[in-house]
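Undergrad: model this:
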Amino acid sequence: MTSSSSSPPSTTAVVPIANVETNTYNNKQYLCLFSVITAGLLDEDMGSDEQEIIEMINLIIDVDQRKVCFLKFLFKQNH
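TA: Below is the predicted model:
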């Protein structure tokens with residue numbers, strides 16, 4: 001049994017970005033992580049629908065002390 005649906009399949013794309021920065025003032029290193037999550041179409045249509053960002057996460061870690069210095073979540077309501 002097959003079913004047909006008028007709405008196209010959707011997925012969530014996660015795009016993580018990481019970078020290590022060195023503070024020249026005190027020679028400390030920080031790991032900066034940034035992740036963006038969007039919802040949109042699947043397969044060969046992926047990226048063609050230009051859906052809005054539904055979640056962003058920004059995290060900064062002090063590498064020497066292994067502590068989180070900054071953490072911020074942004075969520076879009078009713079996606």
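Undergrad: which residue ranges form the strands in this structure?
TA: Here the chain has its strands, by DSSP state E, at 10-23, 28-41, 53-62, 67-75.
Undergrad: Would you mind identifying the helix or strand in the protein with the lowest mean pLDDT?
TA: strand 10-23 (a mean of 62; mean pLDDT, DSSP states H and E).
Undergrad: who wins for proximity to G47 among the strands of the chain?
TA: strand 28-41 (7.0 Å; C-beta to C-beta). For glycine as for every other residue, the C-beta is placed from the backbone atoms N, C-alpha and C.
Undergrad: Name every strand pairing with that closest one and say which way it goes.
TA: Paired strands of strand 28-41, with direction, are strand 10-23 (antiparallel), strand 53-62 (antiparallel) (DSSP bridges).
Undergrad: give me the low-pLDDT residue ranges for the protein?
TA: Judged by pLDDT under 70, the chain has its weakly predicted residues at 1-18, 42, 78-79.
Undergrad: can you rerun that using 50?
TA: 1-11, 79 (pLDDT under 50).
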